[in-house]
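1. from the sequence below, what's the structure:
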Amino acid sequence: MRIIFILIALISFLKVCVLAQEVEPIKIKTSHGILKIEANLKWHTLRVRSETSILGENCAITEADLLKLIEKLVTEKDSLLNEQTFSSLYLGRLVEYPWLATFLMRRAAESPEWQAEPGRLKIDSVNINGWVATILFTHPIRDKIDRLFRKCGYQVTGISVEKVLVNDVSKVELETVKYLTGKLPFDAQTWLILKKIK
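-> Numbers count the residues shown, from 1 in each chain. Okay, here's the model as predicted:
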């Protein structure tokens with residue numbers, strides 16, 4: 001009886017895996033390689049992935065390429081967004097988006113709530129993940145992405161981050177922030193929170 005239960009559980013798991021893999025990702029070509037959005041039907045989530053054509057090179061995702069990819073997702077005739085309900089779009093690590101990492105570092109450096117020398121918030125009770133998410137939510141890209149998602153009945157209701165990394169600016173490989181000093185947040189696992197509105 002136990003073996004039958006294990007077999008049924010295994011078959012169910014494999015069906016879910018196959019279903020998730022059957023969905024063709026949305027892809028665009030970039031100057032670095034391929035940028036795509038994959039769908040996980042089991043968890044109702046979307047994920048941005050980049051594949052560089054140069055071995056060992058990290059693929060920086062530009063603002064223009066991200067917008068182009070999302071526009072393709074929302075405007076495709078048989079878009080997944082019309083058939084399914086998704087709760088989030090996982091962007092990945094913030095360092096894959098140098099322009100967003102730069103924005104975060106500059107805002108943190110300007111904030112009276114951040115202490116650059118020790119590299120932490122002034123008030124210990126404030127959650128750094130929530131604080132960083134609030135900063136990223138103010139970036140103009142959020143409104144641009146929201147306008148695209150609204151074309152197919154979704155809205156971006158928030159940004160969620162985890163595992164915020166803080167480092168000395170001199171050790172962060174971003175030319176755009178070399179004039180800053182101290183320890184600043186520069187990386188995090190980042191999600192856009194989505195809500196279906198029609």
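
2. after whichever strand or helix holds Asn129, heading C-terminal, what element do we hit next?
-> Asn129 is part of helix 128-137 when elements are defined by DSSP states H and E. Per DSSP H and E, the first helix or strand lying C-terminal to helix 128-137 is helix 140-150.

3. check the secondary structure at the closest residue in space to Lys144 that isn't next to it in sequence for me.
-> Spatial nearest neighbour of Lys144, excluding adjacent residues (Cβ to Cβ, 6 or more residues apart in numbering): Leu67 at 6.0 Å. C-beta coordinates here come from the backbone N, C-alpha and C atoms, glycine included. Going by DSSP: H, G, I helix; E, B strand; the rest coil, the secondary structure assigned to Leu67 is helix.

4. ok, now which ones touch Leu67?
-> Contact partners of Leu67, counting by Cβ atoms under 8 Å, 6 or more residues apart in numbering, are 141, 144-145, 148.

5. could I get these in CSV, plus columns for pLDDT?
-> Shown next, in CSV, are the contacts of Leu67 (pLDDT from 0 to 100):
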residue, pLDDT
Ile141, 95
Lys144, 97
Ile145, 97
Leu148, 95
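
6. can I get the buried part of the residues you listed as one ChimeraX selection?
-> ChimeraX command restricting the contacts of Leu67 to the buried ones, with burial defined by 16 or more other Cβ atoms under 10 Å:
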select :141,145,148
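
7. so which of the contacts of Leu67 comes closest to Val161?
-> Ile141 (14.6 Å; Cβ to Cβ).

8. now do the contacts for Ala64.
-> Ala64 touches nothing, counting by Cβ under 8 Å, 6+ apart.

9. name the helix or strand for the spatially most central residue of the chain, please.
-> With distances taken as Cα atoms, centre = their mean, the chain has Leu91 as the residue nearest its mean C-alpha position (1.6 Å). Applying DSSP H and E as the criterion places Leu91 in strand 88-93.
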